[in-house]
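> dropping the sequence and predicted coords here.
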Amino acid sequence: MKTKSIGFAILTAGLLIFSQTVPAQLPKETEAQKMQRMLWWTDARFGMFIHWGLYALPARHEWVKNRERMTNEQYQKYFENFNPDLYNPREWAKMAKEAGMKYVVLTAKHHEGFCLWDSKYTDYKATNTPIGKDLIKEYVEAFRAEGLKVGFYYSLIDWHHPDYTIDSRHPLRQESDTAYARLNKGKDMSRYRAYMKNQVRELLTNYGEISIIWFDFSFPGKNGKGRDDWDSEGLLKLARSLQPGIIVDDRLDLKDVEGGWDFTTPEQVKVAKWPEYNGKKVPWETCQTFSGSWGYYRDETTWKSPAQLLELLIESVSKGGNLLLNVGPTARGTFDYRAQERLKAMGEWMKYNNRSVYGCTEAPAEFKAPANTLLTYNPVTKRLYVHLLAYPMGAVTLEDMADKVKYVQFLHDASEIRFTTGSNEFKNNLNLQLPVLKPPVEIPVLEVILK
Ligand code: GLC
């Protein structure tokens, strides 16, 4: 009897400890509660992604270890020489804020497995490189001080951890099952799963409020990895229990699980319409690079122009989504001059035009976009924004809208745009009279104040 109750006590204590670390259930919430939890994010519309790690040294793509099939030994020189002596995240945060960005997501660990923080669970971390400090701590403090919401990207993939099995996306990928079996002998993914949980616990416990966690990424199937390999549900439960308000991406392979993700992540694509899941519009964010790589890539030259980048942002908002725009800092710890130029140009536009971005979304279907324009709409102020992608010759017509419009002005300088209505069957058309000279604004915006 006695031993039985002691046994029971131990069991309950054990269960208690277990339930404290990873809860049994994902928290339940209604659609409305979820929208409320995500409101700051859907209002923000514009964030900064930062891909920074050892791959900044080779400076030829963050997948360089994979692309060039490097071993840990071959990659080690980057660890030994990692010394970003000019790292000053307050400068990064200022540039992000001035560009108009409201949140930030930094790669705490990318696929290479290197950790920017002082993790207790590995030696493969910034504190053991020449720079010798926790880079995450300064990052969090700097961006928070500028008023941005702070997030982490955490790679599920890990090309360095000894228990992470070689798979089809690994630098040491193989041709045959027997080769995989030989290389993976003795590796134990359950240890890797525990490692990830320990690290996520560190990241979401030691750095104050963390608003976003971006897990990346799943590739289920033969020689791939998915939810069971990661224990995706366990990771998510842990994240939500440590940071109840946290916003989570959709790359844990939990698309069909209720509460398994918050937003979808079209990568490097311009979506044709507001993305849906099971026939319902869902929160979404497109992540995009300035040029073709996430990590710093010295010789990559396909940099998008400020106008193209602004169009990406406006286009996203016009379809109800966010833009997470990526910077790949150099191995000295600075933003590349090309990134700086573009952030500046975007900030110049945002300074005068951010009212058409923050708090805005897709315009109601009753408003028809004139040719070469993108519409956004603020449902609270009930203002419609017409973005002039190609500056027209003198006039723009808002079809079938005369009965809906009170006043029109340029957004950047609040100067009146006069209008007339059409005649006969065009009576309800509004003909806006624009100055011939394009205002000195990359993409001019008309602010339409509705009745
Ligand atoms: C990817 C890539 C990656 C990048 C990410 C950003 O799936 O593996 O290098 O971090 O997407 O969305």
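It's in. Numbers count the residues shown, from 1 in each chain.
> what number of residues lie near Phe290?
When neighbours are counted by other Cβ atoms under 10 Å, Phe290 registers 24. Bear in mind the C-beta positions are built from the backbone N, C-alpha and C, glycine included.
> er, Tyr385 actually
Tyr385 is flanked by 24 other residues according to other Cβ under 10 Å.
> backbone phi and psi for the nearest residue to it once chain neighbours are set aside, please?
Using Cβ to Cβ, 6 or more residues apart in numbering and skipping residues adjacent in sequence, the residue nearest Tyr385 is Ser356, 3.6 Å away. Torsion angles at Ser356 (phi, psi; degrees, to the nearest 10) stand at phi -90, psi 0.
> mind checking how far Ser356 is from Phe410?
11 Å (Cβ to Cβ, to the nearest Å).
> still on that earlier bit, pLDDT at the residue nearest to Tyr385, what is it?
The per-residue pLDDT reported for Ser356 equals 98.
> mind exporting the C-alpha coordinates of the helix or strand hosting Lys237 to PDB?
Take DSSP states H and E as the rule and Lys237 turns out to sit in helix 232-242. Listed next in PDB are the C-alpha coordinates belonging to helix 232-242 (Å, rounded to 0.1, in the frame of the first residue of the first chain):
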ATOM      1  CA  SER A 232       6.400  19.700 -34.200                       C
ATOM      2  CA  GLU A 233       3.400  19.700 -31.800                       C
ATOM      3  CA  GLY A 234       5.700  19.400 -28.800                       C
ATOM      4  CA  LEU A 235       7.800  22.400 -30.100                       C
ATOM      5  CA  LEU A 236       4.700  24.400 -30.700                       C
ATOM      6  CA  LYS A 237       3.100  23.700 -27.400                       C
ATOM      7  CA  LEU A 238       6.300  24.600 -25.700                       C
ATOM      8  CA  ALA A 239       6.500  27.900 -27.600                       C
ATOM      9  CA  ARG A 240       2.900  28.800 -26.900                       C
ATOM     10  CA  SER A 241       3.200  28.000 -23.200                       C
ATOM     11  CA  LEU A 242       6.300  30.100 -22.800                       C
END
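> contacts made by that helix with the rest, please.
Outside helix 232-242, the residues within contact range by Cβ atoms under 8 Å, 6 or more residues apart in numbering are 21-27, 193, 196-197, 200-201, 204-205, 213, 215, 218, 226-227, 246, 248, 252-254, 257, 259-260.
> from these, which ones fall inside helices?
Judged by DSSP state H, the contacts of helix 232-242 include Thr21, Arg193, Met196, Lys197, Val200, Arg201, Leu204, Thr205, Arg227 as members of helices.
> the third one against Trp230, yeah?
It stands for Met196. Yes. Under the criterion of Cβ atoms under 8 Å, Met196 makes contact with Trp230 at 6.9 Å.
> excluding sequence neighbours, find me the nearest residue to Asn326.
Using Cβ to Cβ, 6+ apart and skipping the chain neighbours, the partner closest in space to Asn326 is Phe49 (3.8 Å).
> before we move on, what about Lys120?
Leaving aside its sequence neighbours, Lys120 sits nearest to Glu202 (Cβ to Cβ, 6+ apart; 6.8 Å).
> pLDDT wise, what is the one you found at?
Glu202 carries a pLDDT score of 98 in this model.
> now do the contacts for it.
Neighbouring residues of Glu202 by Cβ under 8 Å, 6+ apart: Trp117, Ser119, Lys120, Tyr121.
> show me where this structure has its helices.
For the chain, helices defined by DSSP H occupy the ranges 2-21, 31-37, 39-44, 64-67, 72-80, 89-99, 135-145, 177-184, 189-205, 227-230, 232-242, 306-318, 337-353.
> CA atoms only: put the fifth one into CSV for me.
To tie it back to what came earlier, the one meant is helix 72-80. Taking Å, rounded to 0.1, in the frame of the first residue of the first chain, the C-alpha atoms of helix 72-80 are listed here in CSV:
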residue,chain,number,x,y,z
ASN,A,72,32.0,20.1,-40.7
GLU,A,73,35.8,20.2,-40.9
GLN,A,74,35.8,22.1,-44.2
TYR,A,75,33.2,24.6,-42.8
GLN,A,76,35.2,25.1,-39.5
LYS,A,77,37.3,27.9,-40.9
TYR,A,78,34.3,30.2,-40.8
PHE,A,79,33.7,29.5,-37.2
GLU,A,80,37.3,30.1,-36.4
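> check what contacts that helix and list those residues.
Here helix 72-80 makes contact (Cβ under 8 Å, 6+ apart) with Leu54, Tyr55, Leu57, Pro58, Lys65, Glu112, Phe114, Tyr124, Asn128, Thr129, Pro130, His160.
> ok, now which ones touch the residue nearest the centre of the chain?
The centre of the chain sits closest to Leu324, judged by Cα atoms, centre = their mean, with a distance of 4.5 Å. Counting by Cβ under 8 Å, 6+ apart, Leu324 touches Gly47, Met48, Phe49, Val105, Glu285, Thr286, Cys287, Gln288.
> closest to the ligand out of those?
Cys287 (4.5 Å; Cβ to the nearest ligand atom).
> the closest one reaches Val269, doesn't it?
No. With contact taken as Cβ under 8 Å, Cys287 and Val269 are classed as non-touching, separated by 9.9 Å.
> neighbour count: the two, which is higher?
For Cys287 versus Val269, neighbours defined as other Cβ under 10 Å are more numerous around Cys287 (22 against 9).
> how far away is the closest residue to the more buried one other than its chain neighbours from Glu146?
Nearest non-adjacent residue to Cys287, counting by Cβ to Cβ, 6+ apart: Leu324, 4.4 Å away. Distance of Leu324 to Glu146, computed by Cβ to Cβ: 17 Å.
> same check on Thr165?
Taking Cβ to Cβ, one finds Thr165 at 41 Å from Glu146.
> what of Phe219?
Using Cβ to Cβ, we find Phe219 at a distance of 35 Å from Glu146.
> and Phe426, by the same measure?
Distance, Phe426 to Glu146, using Cβ to Cβ: 49 Å.
> higher neighbour count, those two?
The neighbour comparison of Phe426 against Glu146 (other Cβ under 10 Å) goes to Glu146, with 17 against 14.
> now that one: phi and psi?
Glu146 has phi and psi values of phi -90, psi 0 when expressed as degrees, to the nearest 10.
> chain neighbours aside, what residue packs nearest to it?
Nearest non-adjacent residue to Glu146, counting by Cβ to Cβ, 6+ apart: Ala93, 4.1 Å away.
> just grab the bridge partners of the residue nearest to Cys287 for me.
Beta-bridge pairing for Leu324 (DSSP bridges): Gly47, Cys287.
> circling back to that earlier point, now the contacts of Glu202: which count as buried?
For the contacts of Glu202, a burial check counting by 16 or more other Cβ atoms under 10 Å picks out Trp117, Ser119, Tyr121.
> which one of these is nearest to the ligand?
Using Cβ to the nearest ligand atom, Trp117 is the member of these that sits closest to the ligand, with 17.6 Å.
> coming back round to it: so which of the helices of the chain is nearest the ligand?
helix 64-67 (9.1 Å).
> all set now, cheers.
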